[in-house]
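> Please find the sequence and the predicted model below.
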Amino acid sequence: MRMWNFFSSRGVFRTYLTNLVRDGLLPLLLIPGLLLGESTLRQAETASMTSANCKISEKSCRVWKHDAHHRINCRPGSIPAATIRPGVVWKDTDGNPINAHGGGVLHHQGVYYWYGMVLEGRTYVPACNASWGGTRVVANGVSCYRSVDLIHWQNLGIVLSAVPDQPDHDLHCDKVIERPKVIYHAKNRKFVMWMHVDSIDYKAAKSGVAIADSPAGPFQYLGSFRSNVGIWPTNVTDSDKKDRILARDFVGGQMARDMTLFVDDDGKAYQFYASEENTTMHVSLLSDDYLKPAGKFARVFVNRSMEAPAVFKRGGKYYLIASDCTGWKPNAARSAVADHPFGPWKELGNPCVGDASEITFDAQGTHIFRVPGKMDAFVFMADRWKQWNLADSRYVWLPMQFDAQGKPVIRWRDEWSPGLKNP
Ligand code: DGJ
């Protein structure tokens, strides 16, 4: 507690109710008839926005160029706040809402870089995703912001652009680009971005990789792949080898959806990703240059259906916080500890405490990072998704604490500050 300047905590439940009112959801909860009306509206929207092969019109794509002064969101705003206020619209230093969702933070030479997916434009649900509420906006690429105090963020623009003129390209706006994470390869002096790239129906389930000479990009896209073709996991059993999905993808490569990267103290990097149709997570060691899997991986959290992994190391142990699989809807976070990234992992339960802890404070984790120079200061980054208005999704950043056994604990704060100086 000493290391962080916490501000008032007036209760997440009130915030939650306020949000329901603000989003216009309270009347919908109170009047079931209106719910029916909204679902009819959604079906109509589905029908008009999709065709039989689940593609959308290219006319809805926008061309984004790498431009340090490009404004990715033109809504005018007031001056940014002096604290982190989870769930409240977070404005950049130009007064525009920060647009960097499902992302992560890289600390490099005293500067924090926040990368995330750009959610902009109309939310719609393609017919192929209607059964599970898989709303989307057209893929717009990956944005980047910079900060020295974790509160004031300067927009550096789009660092990995969508590719609107090539329908088969992974970064075409009809595709899915999610959860970008950037790590630094010190020896090669390269910034390496991994992300989940997918087809509109999420069936491709691949990892995409891009590289840059500067943290501010531009990133050059290198391509995508399914992981570990023809390789069994290090902890495979004879019965695993008969597993319908694991054995199926042994041939063409294992699926990878929600993902994160973790760099260990020895410079080894790992990708954690939801695999096997999201039922089981895989942990893949990356090659020495961080550009591909090294061919060594483990199955972890078998049949636990976990998404949104975030990993950190503390006191020589590895910790993971992830979610259940409920689409854009929030659920209870899970935490786990291990002595090695490959496991075995021991689950520690929900790290969130207090009101709305069973729905991760109406959010889903995306990344955890340590604040260098501060003892035990870790930040839990999460997204408050707005399923039917994705562009209005918010950020829930909270400081992490640890109980006497070292178990991560996350409590709601209306407002807090990491206490870093902004020279
Ligand atoms: C849940 C995942 O955690 C998100 O990254 C995203 O893929 C949504 N599902 C899509 O509905």
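Happy to help now that I have it. Numbering: from 1, shown residues only.
> Assign residue 372 to helix, strand or coil.
The local conformation at residue 372, judged by DSSP: H, G, I helix; E, B strand; the rest coil, is coil.
> State the pLDDT value of it.
At residue 372 the predicted local distance difference test score is 90.
> residues in contact with it?
Listed by Cβ atoms under 8 Å, 6 or more residues apart in numbering, the contact set of residue 372 reads residue 107. (C-beta placed from N, C-alpha, C; glycine too.)
> ok, it to the ligand distance?
To the ligand, residue 372 is 28 Å away according to Cβ to the nearest ligand atom, to the nearest Å.
> I'd like the numbering to begin with 867 instead of 1 from here.
Happy to do that; since the first residue is 867 now, the last one works out to residue 1238.
> Show me which residues of the protein sit near the ligand.
Residues of the chain found near the ligand, taking Cβ under 6 Å from any ligand atom as the criterion, are 968, 1000, 1044-1045, 1124, 1173-1174, 1193-1194, 1230.
> List only those of those residues flagged as buried.
By neighbour count, with 16 or more other Cβ atoms under 10 Å, the residues of the chain next to the ligand hold 968, 1000, 1044-1045, 1124, 1173-1174, 1194, 1230 as buried.
> Ends of stretch 1199-1211, what's the gap?
Using Cα to Cα, to the nearest Å, one end of stretch 1199-1211 lies 15 Å from the other.
> If you could redo that for stretch 1240-1254, that was the one I meant.
Between the opening and closing residues of stretch 1240-1254 we find a distance of 39 Å, counting by Cα to Cα.
> Residue 970 is in contact with residue 1245, isn't it?
No. Counting by Cβ atoms under 8 Å, no contact exists between residue 970 and residue 1245, whose distance comes to 10.8 Å.
> what about the two, which has more around it?
Summary of the neighbour comparison: residue 970 and residue 1245, criterion other Cβ atoms under 10 Å, with residue 970 having more neighbours (24 against 21).
> Mind telling me what element the more buried one is part of?
Mapping residue 970 onto the secondary structure by DSSP states H and E places it in strand 967-974.
> Need the residue closest to the centroid of this protein.
residue 968 (2.6 Å; Cα atoms, centre = their mean).
> Who are the contact partners of that one?
Going by Cβ under 8 Å, 6+ apart, residue 968 touches 982-983, 1044-1046, 1232, 1249.
> Inside strands: which ones of these?
When strands are assigned by DSSP state E, the members of those inside them are 982-983, 1044-1046, 1232, 1249.
> Now the buried members of the residues you listed.
In the ones in strands among the contacts of residue 968, burial by neighbour count holds for 982-983, 1044-1046, 1232, 1249, counting by 16+ other Cβ under 10 Å.
> Same list (those residues) but as TSV, adding pLDDT and distance to residue 1111.
Converted to TSV, these look like this (pLDDT from 0 to 100; distance: Cβ to Cβ, whole Å):
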residue	pLDDT	distance to residue 1111
982	98	30
983	98	27
1044	98	21
1045	98	21
1046	98	26
1232	98	25
1249	98	27
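> Spatially, which two of these are the most separated?
Of all pairs drawn from these, the greatest distance, 12.8 Å, lies between 1046 and 1249 (Cβ to Cβ).
> can I assume residue 1116 sits in a helix?
Yes. When three-state DSSP is applied, residue 1116 is found to be in a helix.
> Relative to residue 1171, how far out is it?
Distance of residue 1116 to residue 1171, given as Cβ to Cβ, to the nearest Å: 21 Å.
> Also residue 1124?
In terms of Cβ to Cβ, residue 1124 sits 11 Å off from residue 1171.
> Pull up the overlap in contacts between the two.
Both residue 1124 and residue 1171 are contacted by residue 1144, under the criterion Cβ under 8 Å, 6+ apart.
> who's in contact with residue 1180?
Residues in contact with residue 1180, defined by Cβ under 8 Å, 6+ apart, are 1242, 1244, 1268, 1272.
> pLDDT at it, what is it?
At residue 1180, the model reports a pLDDT of 97.
> Then residue 1285?
88.
> Check the one 3 residues further on too.
The per-residue pLDDT reported for residue 1288 equals 68.
> Sort out for me which of the residues of the chain next to the ligand are in strands.
Among the residues of the chain next to the ligand, the ones falling in strands (DSSP E) are 968, 1044-1045, 1173-1174, 1230.
> Can you add distance to residue 1138 and give these back as CSV?
Output for those, formatted as CSV (distance: Cβ to Cβ, whole Å):
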residue, distance to residue 1138
968, 14
1044, 14
1045, 11
1173, 11
1174, 10
1230, 15
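> how about low-confidence regions in this protein?
Counting by pLDDT under 70, the low-confidence segments of the chain come to 867-946, 1288-1289.
> For it, just list every one of the helices.
878-888, 892-896, 898-915, 1110-1118 (DSSP state H).
> where exactly do the strands run in the stretch 1117-1266 of the chain?
Using DSSP state E, counting those that start in this stretch, the strands found in the stretch 1117-1266 of the chain span residues 1125-1129, 1135-1141, 1146-1152, 1159-1166, 1172-1180, 1183-1190, 1200-1204, 1212-1215, 1218-1219, 1230-1236, 1244-1250, 1260-1268.
> same for the shortest one, what does it pack against?
The criterion is 3 or more Cβ pairs under 8 Å, 6 or more residues apart in numbering; DSSP states H and E, and the helices and strands that strand 1218-1219 contacts are strand 1274-1277.
> residues near residue 1131, how many?
For residue 1131, the tally of surrounding residues (other Cβ under 10 Å) stands at 7.
> Not counting its neighbours along the chain, what's nearest it?
Using Cβ to Cβ, 6 or more residues apart in numbering and skipping residues adjacent in sequence, the residue nearest residue 1131 is residue 1179, 7.2 Å away.
> That neighbour and the ligand, how far apart?
If you measure residue 1179 against the ligand using Cβ to the nearest ligand atom, the figure is 23 Å.
> That residue and residue 1171, how far apart?
Counting by Cβ to Cβ, the gap between residue 1179 and residue 1171 amounts to 25 Å.
> do the same with residue 1038
29 Å.
> quick one, which of these two is more surrounded?
Set side by side, residue 1038 and residue 1171 show unequal neighbour counts under other Cβ under 10 Å, the larger going to residue 1038 at 20 against 17.
> what about stretch 1052-1061, start to end distance?
Distance across stretch 1052-1061, first residue to last, is 20 Å (Cα to Cα).
> typo on my end, it should be stretch 1203-1217
Using Cα to Cα, one end of stretch 1203-1217 lies 12 Å from the other.
> Stretch 995-1010 now?
From the first residue to the last, stretch 995-1010 extends over 29 Å; the measure is Cα to Cα.
> That's all I had, so thanks and see you.
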